[in-house]
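> I would like the atomic coordinates for the input below:
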Amino acid sequence: MRKKALSVILAATVCLQLAGCGGAKDATTESSGGDTTAATEAATQADTEAATEAGSEEGGADANGELVDGKFADTRHITVEVYDRGNDGGTDPTNNMYTDYIKKGMLEDHNVEVEFKAVPRWTEVDELNNLLAASDAPDICVTYDYATIQTYANMGGVLDLAEYLDNYKSVTPNLWNWLGDTNMLWDKDPFTGTVWAIEGKRATTNRINTFIRKDWLDKLGLEIPTTRDEFEKVITAFRDNAETLLGADASKMVPYSVSYDVGWRAATLIESFIDPDISDREFYINGFDDRKLTEPGTKEAVKLLNKWYNDGLLWKDFALYGSGDTTEDDMMKAGYVGAFSHNWDYPFRNGDDSINANLKRIIGEDAAFIAIDPFEDSKGGHTKYVTSTAGDRKIFFPMTNDEPLASLLYLDWISEPEHIQYLQLGDEGVTHEVLDDGSYSVIAATGDPIMNSGFNIDYTITCNGLNLMDQSKTELSIAHSYAGIEPEIVAEANRIAQVDARQESHVNVGPIDSEEGMGTALSEKRDIMYDQCVIAPVDDFDATWDKYMADYLSSGGQAIMDERESKWATVYGDTDTVPAE
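Predicted coordinates:
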């Protein structure tokens, strides 16, 4: 068995090669792989053609004769990773009505038994490393971190999907129709042709919005801020009127909140300082870190945050609370926070336990966060780097996967439009209702119908974001997709998230060897650098920035940038723009 053979190899090498494995979310794609001899390729092609020809002689046979009418003759078994988010009041992510729906459908349609294996969401990279090293990873693995995949691929621990995707394309039409060549082959190495992972697709590319307490603006007679200067004046007014706004809780006032993950949370502020005309080449060379640490302009954005922090406008203790901690959310729900930047729909999530729902219960009907767009760029626009449709979860099969066809059929099954829609909406009258215009409105669920993730994205791993069978109804339904939240508030947040939206160009120059195993180590340094630079005394900001940047660059950041520059020149020459595909 592959598991036994690999366990010794991977366990022996994991300590050496994975000391820094992991990476920034959405780390830039890298690939590698060995060459295949012409003789082997010819033999493989001949075998494939022979098997296909033999299978076609049998009634209803397909996939090189392995399936009859879409089913295996003998029941197959696969394991599938699912995130365990540990959310209060949630269901067992491996056993609920949605997992039952998938299991029943896969068994009926393909004679494949499905077993779900939970992986903690907030420590998913560490957990996957452990599972892969022990040759105990699920057959279908999911991660936001491509560096983990690349590291194990280089160790022989990941299946090259290229041949499987090609050979089984005819029996996976839903998967190909949904993801297309772009997402299916996004990570294909331009030199070796290896495909270590396929990219899930973002149905919604919205990323970050800034939110503000509309009732506080009204109470102080303030207008919605539309520029950085106006935003600073507003949060200053929040600080100076803490007793008016919070009464006896004035000392708990947080005018503007960002978490320890400054690069993600303050993204639109940072991006407003980047030249909107920056070239693809410069952006890519500086773009290993998806929090844009080394992009030109980022330092000036952080200097402004540093000023705000020292002026008492930011959450004083933001750097003390890491991933998964609920302290900040609790402050927002209690009504102590005036403004914050976060995922585009953050205050609307989680039904009755959403931030806005809690504000209404605790403060009153008028209490609510609304989205605003206050960070202008050098041209007066509001450039935002939204995610690409391929900037989502990376799906890969470890080498211990003995059922690649069954696994691809699983991905095809969950990519069928009808199945996506059911998993995202659930049952009418229980988790949603149909409105007069045909759109869908979400109902806050209780018990087993609860979705542990928005739109059940932990099960629709090829699809992130609402994607109904009728796309016109999808657009109509987005505003009604958050139980208890006014549709017009959601619609405005959706609109703002798309103003001057820009997707990064897809740069594919093959593997960047210097990136391997550096993701987690550099991400940790990045977060510490951001935090320390924000909280430094104003007079020490430049020295603090230079100190931490020097460490980041000498710890591998500069080597990555240099190799990216070299690989760009090799693939694209002296052009500054990625050629159109």
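> flag the shaky bits of the protein, pLDDT-wise.
1-61, 581 (pLDDT under 70).
> what residues are up against the residue most central in space within the chain?
Among the residues of the chain, the one closest to the centroid is residue 392, at 4.6 Å (Cα atoms, centre = their mean). With contact set as Cβ atoms under 8 Å, 6 or more residues apart in numbering, residue 392 has these partners: 144, 199-202, 464. All C-beta atoms are positioned from the backbone trio N, CA, C, and that covers glycine.
> pretty sure it sits in a strand.
No. Per DSSP: H, G, I helix; E, B strand; the rest coil, residue 392 lies outside any strand segment and is coil.
> for it, which non-adjacent residue is spatially closest?
Closest residue to residue 392 apart from its sequence neighbours, by Cβ to Cβ, 6 or more residues apart in numbering: residue 200 at 3.9 Å.
> hang on, the earlier thing: from the contacts of residue 392, pick the one nearest residue 385.
Distance to residue 385 across the contacts of residue 392 (Cβ to Cβ) is lowest for residue 202, with 13.2 Å.
> so the closest one sits against residue 393, correct?
No. Using Cβ atoms under 8 Å, residue 202 is not in contact with residue 393, being 9.5 Å away.
> neighbour count: those two, which is higher?
residue 393 (25 against 22; other Cβ atoms under 10 Å).
> next one: phi and psi at that one?
The phi/psi pair for residue 393 (degrees, to the nearest 10) reads phi -60, psi 140.
> what touches both of residue 202 and residue 393?
Common neighbours of residue 202 and residue 393 (Cβ under 8 Å, 6+ apart) are residue 464.
> quick one: which helix or strand includes residue 502?
strand 501-503 (DSSP states H and E).
> after that strand, next one along is what?
Counting by DSSP H and E, what follows strand 501-503 is helix 519-535.
> helices and strands around that next one, which ones?
Counting by 3 or more Cβ pairs under 8 Å, 6 or more residues apart in numbering; DSSP states H and E, the packing neighbours recorded for helix 519-535 are helix 146-154, helix 262-265, helix 298-310, helix 541-552.
> could you list the buried residues of that helix?
519-523, 525-527, 529-531, 533-535 (16 or more other Cβ atoms under 10 Å).
> within the sheet, what are the partner strands of the strand holding residue 502, with directions?
Neighbouring strands of strand 501-503 in its sheet, by DSSP bridges, are strand 384-386 (parallel).
> how far off centre is the strand it pairs with?
On the basis of Cα atoms, centre = their mean, to the nearest Å, strand 384-386 sits 14 Å off its chain's mean C-alpha point.
> which residues does that strand contact?
By Cβ under 8 Å, 6+ apart, the residues outside strand 384-386 that reach it are 205-208, 267-268, 271, 292, 497-504.
> at 6 Å instead, please
205, 207, 268, 271, 501-503 (Cβ atoms under 6 Å, 6 or more residues apart in numbering).
> pull the CA atoms of stretch 406-415 into PDB?
C-alpha atoms of stretch 406-415 as PDB (Å, rounded to 0.1, in the frame of the first residue of the first chain):
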ATOM      1  CA  ALA A 406     -13.800   8.100  -7.100                       C
ATOM      2  CA  SER A 407     -12.300  11.200  -5.700                       C
ATOM      3  CA  LEU A 408     -12.700  13.100  -9.000                       C
ATOM      4  CA  LEU A 409     -16.300  11.900  -9.200                       C
ATOM      5  CA  TYR A 410     -16.900  13.300  -5.700                       C
ATOM      6  CA  LEU A 411     -15.600  16.700  -6.900                       C
ATOM      7  CA  ASP A 412     -17.800  16.400  -9.900                       C
ATOM      8  CA  TRP A 413     -20.800  15.500  -7.800                       C
ATOM      9  CA  ILE A 414     -20.500  18.500  -5.500                       C
ATOM     10  CA  SER A 415     -20.000  20.700  -8.500                       C
END
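> can you report how many residues neighbour residue 391?
25.
> okay, and the beta partners of residue 440?
Where residue 440 sits in a bridge, its partners, by DSSP bridges, are residue 434.
> list the contacts of it.
Here residue 440 is in contact with 425, 432, 477 (Cβ under 6 Å, 6+ apart).
> try it again with 7 Å
425, 432, 434, 473, 477, 480 (Cβ atoms under 7 Å, 6 or more residues apart in numbering).
> next one: residue 204
Counted by Cβ under 7 Å, 6+ apart, residue 204 has contacts 465-466.
> ok, now residue 206?
344, 386, 494, 497-498.
> from residue 335, how far off is the closest residue to residue 334 other than its chain neighbours?
Spatial nearest neighbour of residue 334, excluding adjacent residues (Cβ to Cβ, 6+ apart): residue 362 at 6.5 Å. With distances taken as Cβ to Cβ, to the nearest Å, residue 362 is found 6 Å from residue 335.
> for those two, indicate the residue with more neighbours.
Set residue 362 next to residue 335 and count neighbours by other Cβ under 10 Å: residue 335 wins out with 21 against 11.
> got phi/psi on that one?
phi 100, psi 20.
> likewise for residue 201?
Here is the backbone geometry of residue 201 (degrees, to the nearest 10): phi -110, psi 130.
> same thing with the one 10 residues further on?
According to degrees, to the nearest 10, the main-chain angles of residue 211 amount to phi -120, psi 150.
> give me the number of residues near the closest residue to it other than its chain neighbours?
Spatial nearest neighbour of residue 211, excluding adjacent residues (Cβ to Cβ, 6+ apart): residue 369 at 4.0 Å. By other Cβ under 10 Å, 28 other residues sit near residue 369.
> was I right to think residue 369 contacts residue 356?
Yes. With contact defined as Cβ atoms under 7 Å, residue 369 reaches residue 356; the gap is 6.0 Å.
> common neighbours of these two, please.
With Cβ under 7 Å, 6+ apart as the test, residue 369 and residue 356 both reach residue 347.
> and the gap between the residue lying closest to residue 299 once chain neighbours are set aside and residue 558?
Leaving aside its chain neighbours, residue 299 sits nearest to residue 545 (5.8 Å; criterion: Cβ to Cβ, 6+ apart). Distance check for residue 545 against residue 558: by Cβ to Cβ, it reads 16 Å.
> pull the contacting residues for residue 494.
Applying Cβ under 7 Å, 6+ apart, the residues contacting residue 494 are 206, 478.
> next: residue 348.
354, 356, 482, 485, 490.
> inside helices: which ones of those residues?
Judged by DSSP state H, the subset of those located in helices is 356, 490.
> in TSV: the contacts of residue 348, plus neighbour count and distance to residue 126.
As requested, the contacts of residue 348 are exported to TSV (neighbours: other Cβ atoms under 10 Å; distance: Cβ to Cβ, whole Å):
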residue	neighbour count	distance to residue 126
354	24	29
356	24	33
482	25	32
485	24	34
490	21	35
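> for the contacts of residue 348, which one is nearest residue 446?
For the contacts of residue 348, the nearest to residue 446 is residue 354 (15.0 Å; Cβ to Cβ).
> hang on, the closest one packs against residue 347?
Yes. Taking contacts as Cβ under 7 Å, residue 354 lies within contact range of residue 347: 6.4 Å.
> and for residue 552, the neighbour number?
20.
> which residue is the nearest non-sequential neighbour of it?
residue 525 (5.1 Å).
> can you check residue 320 too?
residue 260 (7.6 Å).
> and what about that neighbour, helix, strand or coil?
Recorded secondary structure, residue 260: coil (three-state DSSP).
> my read is that it contacts residue 325, right?
No. Using Cβ under 7 Å, residue 260 makes no contact with residue 325, being 8.8 Å away.
> which one of the two has more residues nearby?
Counted by other Cβ under 10 Å, residue 260 and residue 325 do not tie: residue 260 has more neighbours, with 20 against 13.
> if I look at that one, how far off is residue 537?
Taking Cβ to Cβ, one finds residue 260 at 19 Å from residue 537.
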